[in-house]
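Participant: coords please:
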Amino acid sequence: MENIKNYHPIYQFKVIGACRLEKNTSIVRDKGAFISFEIKSPESLCKRVLKETDGKGVDVVFDAVGGEIFPSALDW
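Facilitator: Residues are numbered from 1 along each chain as shown. So this is what the prediction gives:
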C-alpha cells in the first residue's frame, strides 16, 4: 500500500484510522493515516472522531471489515 503522506494535496483529505487492536494503530499510521487509534466500542469511535475533527465529524467512511462498529461510524 502506498503511503498517502498524511494529507492528500490534491483532494485535501486526511485519513483517520480506527483499529480494534492497539497493535494495528502503528501499522495504519505507517501507511499514511493522519491519526489512528484503538476503539473499544461504537461510542468510543464517535467520541474520538469528533474530538480529532474539532466536532465536525467526517465526510466519508470506509469500513473494510464491517461489524458492530460500522453503524456508529455513520452517526455524525
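
Participant: for the helix ranked longest in the chain, which outside residues touch it?
Facilitator: Taking DSSP state H as the assignment, the helix of the chain that covers the most residues is helix 42-52. With Cβ atoms under 8 Å, 6 or more residues apart in numbering as the contact definition, helix 42-52 has outside contacts at 16, 18, 35, 37, 39, 56-58, 68-69, 71-73, 75-76. The way it works is simple: take the backbone N, C-alpha and C, and place the C-beta from them, glycine included.

Participant: which among those end up buried?
Facilitator: 16, 18, 35, 37, 39, 58, 69, 72, 73 (16 or more other Cβ atoms under 10 Å).

Participant: pLDDT and secondary structure added to the residues you listed, as TSV?
Facilitator: Written out in TSV, the entries for those read as follows (pLDDT from 0 to 100; DSSP: H, G, I helix; E, B strand; the rest coil):
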residue	pLDDT	secondary structure
16	89	strand
18	90	strand
35	90	strand
37	93	strand
39	89	coil
58	86	coil
69	76	coil
72	76	helix
73	74	helix
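
Participant: farthest pair in those residues?
Facilitator: In those, the most distant members under the criterion Cβ to Cβ are 35 and 72, with 17.9 Å between them.
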